[in-house]
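K.L.:
Sharing a model that was predicted from the sequence below.
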Amino acid sequence: MSDSPKTLPSTQNEWPLWEVFVRSKAGLDHKHCGSLHAPDAKMAVQMAREVYTRRQEGSSIWVVLSSQIVASDPGEKGMYFDPMEDKVYRHPTFYELPESVNHM
């Protein structure tokens with residue numbers, strides 16, 4: 001037996017990966033600006049502020065665990081984005097406006 005301490009596999013030693021989104025000013029949407037490793041959400045926000053908003057260009061920061069992001073498969077694009085001809089209620093011409101809003 002060896003007296004050396006056991007080391008954890010590298011995946012257990014690493015902090016989780018966080019995706020960082022920054023809103024540059026009120027009224028604009030958040031933009032993805034990068035990723036960072038942090039032990040928890042609070043530290044991820046603090047680290048994101050230091051890394052991505054050094055010149056005070058941000059008004060809001062979001063951090064999201066990378067493992068929690070779910071995305072559609074680009075190969076299934078048609079299922080998500082092609083118009084649905086059999087669902088006519090999705091077209092604006094399906095609805096009739098009341099006379100009280102005829103100015104639209």
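P.N.:
Cool, got the structure.
K.L.:
Tell me which stretches of the protein form strands.
P.N.:
Along the chain, counting by DSSP state E, strands occupy 17-23, 31-37, 60-65.
K.L.:
Let's have these in a markdown table, adding mean neighbour count and mean pLDDT.
P.N.:
C-beta coordinates here come from the backbone N, C-alpha and C atoms, glycine included. As requested, the strands of the chain are exported to a markdown table (neighbours: other C-beta atoms under 10 Å; pLDDT from 0 to 100):
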| stretch | mean neighbour count | mean pLDDT |
| --- | --- | --- |
| strand 17-23 | 19 | 97 |
| strand 31-37 | 13 | 96 |
| strand 60-65 | 16 | 97 |
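K.L.:
Reformat those strands as a markdown table; add distance to residue 90.
P.N.:
Shown next, in a markdown table, are those (distance: least, C-beta to C-beta, whole Å):
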| stretch | distance to residue 90 |
| --- | --- |
| strand 17-23 | 29 |
| strand 31-37 | 29 |
| strand 60-65 | 30 |
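K.L.:
Any idea how far apart the tips of stretch 78-90 sit?
P.N.:
16 Å (C-alpha to C-alpha, to the nearest Å).
K.L.:
quick check: longest helix of the protein.
P.N.:
helix 41-52 (DSSP state H).
K.L.:
who touches it?
P.N.:
18, 20, 22, 33-34, 36, 38, 58, 61, 63 (C-beta atoms under 8 Å, 6 or more residues apart in numbering).
K.L.:
Of those residues, which pair is most distant in space?
P.N.:
38 and 58 (16.9 Å; C-beta to C-beta).
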